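*Asks:* After the sequence you'll find the predicted model.
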Amino acid sequence: MKKTTDGWLSGLLGVLIFSGSLPATRLAVQSLDPIFVTCARATIAGVLGFLLLLGYREARPERRDLFPLLLVALGVVLGFPLLTALALRHITSAHAIVFVGLLPLATAIFGVLRGGERPQMPFWVFSALGSGAVIAFAMRNGVSASPIGDVLMLLAIVVCGLGYAEGARLSRRLGGWQVISWALVLSLPIMLPLSWWMRPATFDHVGQPALWGLAYVSLFSMLIGFVFWYRGLALGGIAGVGQLQLLQPFFGLMLAAALLHEKVPAAMIVVAIAVVTCVAGARHFSRTVAVRRP
């Protein structure tokens, strides 16, 4: 029980850290190219991850770990940051954040496909209801004015769910911070040259908010948040702890309102209460059920 509780607490801390990712990314891409932001955040975090691995003298991953680490890198180091950065050129962070409501379902599905988890049927009911509540909240004012931004966000959710599930599976053997550090190090040979190539000719036009946004997504979103998040998924279960992501849109919306002065409707409170109820229900039924074999 203590192990599961520790997992949920670690996962919640990870969600709180990730909640600032989209507002910080939007700050960064207002003055910086989205591709540069994606490459720079991975490069900065990758260098720090390399120093951590070197300082703690971590053993190299086994050959069987290389493909899963590559999937983690493609999902959370490259795919999600790049797709969201591009999407935020077309939509507001408040609108992008609500797509995170689909991330728990995506993570749970990949947890079944890649992690071998089998949650009880009521878990899927609560998960679907929670996601539905977030999506309904997102669509309260009709379809987004930018289909391109919406498609990019949907693709981001799919690759991120795969990266979360794969990283959590590896974390059970390698450890949470080791997984994201190795994934970042694997990305360095590509991200470091691209960062140099895509860098602005001058940073004179780049304001402090953009630089602070880049710093946040590099240190917290790309590295520190994953230390807690992968630990939480590994201890508490991929499908179950993944439901905490339903809370991320509301944490993120509050940050968007505070930092970017984006409008947050009062209906958010009602939907947030419904989502918390669904998360509690999903947690109760998230325990994996035994699968009968002939």
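*Replies:* On my side now, so go ahead. All values reported here derive from a predicted model rather than from experimental measurement.

*Asks:* For this structure, which element, helix or strand, carries the lowest mean pLDDT?
*Replies:* helix 93-97 (a mean of 70; mean pLDDT, DSSP states H and E).

*Asks:* list the buried ones in the helix or strand just after that one?
*Replies:* The helix or strand immediately downstream of helix 93-97 is helix 103-115, counting by DSSP states H and E. If you call a residue buried by 16 or more other Cβ atoms under 10 Å, then helix 103-115 has these buried ones: 103-112, 114-115. Every residue, glycine included, has its C-beta placed from N, CA and C.

*Asks:* Helices along the stretch 101-250 of the chain, start to end?
*Replies:* Under the criterion DSSP state H, counting those that start in this stretch, the stretch 101-250 of the chain contains helices at 103-115, 121-138, 147-174, 176-198, 208-216, 225-236, 238-242, 248-260.

*Asks:* Of these, which stretch is the most buried?
*Replies:* helix 238-242 (a mean of 31; mean count of other Cβ atoms under 10 Å).

*Asks:* And that helix, what does it pack against?
*Replies:* helix 2-18, helix 103-115, helix 121-138, helix 147-174, helix 225-236 (3 or more Cβ pairs under 8 Å, 6 or more residues apart in numbering; DSSP states H and E).

*Asks:* could those helices go into TSV alongside distance to Leu253 and mean pLDDT?
*Replies:* Shown next, in TSV, are those (distance: least, Cβ to Cβ, whole Å; pLDDT from 0 to 100):
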stretch	distance to Leu253	mean pLDDT
helix 2-18	13	90
helix 103-115	15	87
helix 121-138	9	83
helix 147-174	15	91
helix 225-236	18	93
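
*Asks:* With distance to Ala280 added, can I get those helices in JSON lines?
*Replies:* What follows is the helices and strands packed on helix 238-242, written out as JSON lines (distance: least, Cβ to Cβ, whole Å):
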{"stretch": "helix 2-18", "distance to Ala280": "11"}
{"stretch": "helix 103-115", "distance to Ala280": "13"}
{"stretch": "helix 121-138", "distance to Ala280": "8"}
{"stretch": "helix 147-174", "distance to Ala280": "21"}
{"stretch": "helix 225-236", "distance to Ala280": "14"}
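
*Asks:* Any figure for the gap between Val37 and Val29?
*Replies:* 6 Å (Cβ to Cβ, to the nearest Å).

*Asks:* Please say which of these two ends up with more neighbours.
*Replies:* Val37 (28 against 24; other Cβ atoms under 10 Å).

*Asks:* Can you say which of the helices and strands packed on helix 238-242 is nearest to Pro249?
*Replies:* helix 121-138 (5.8 Å; Cβ to Cβ).

*Asks:* follow-up on the earlier one: what's the closest of the helices of the stretch 101-250 of the chain to Thr4?
*Replies:* Nearest to Thr4, of those and by Cβ to Cβ, is helix 225-236 at 5.2 Å.

*Asks:* Which strands and helices lie in contact with the closest one?
*Replies:* Going by 3+ Cβ pairs under 8 Å, 6+ apart, helix 225-236 lies up against helix 2-18, helix 147-174, helix 176-198, helix 238-242.
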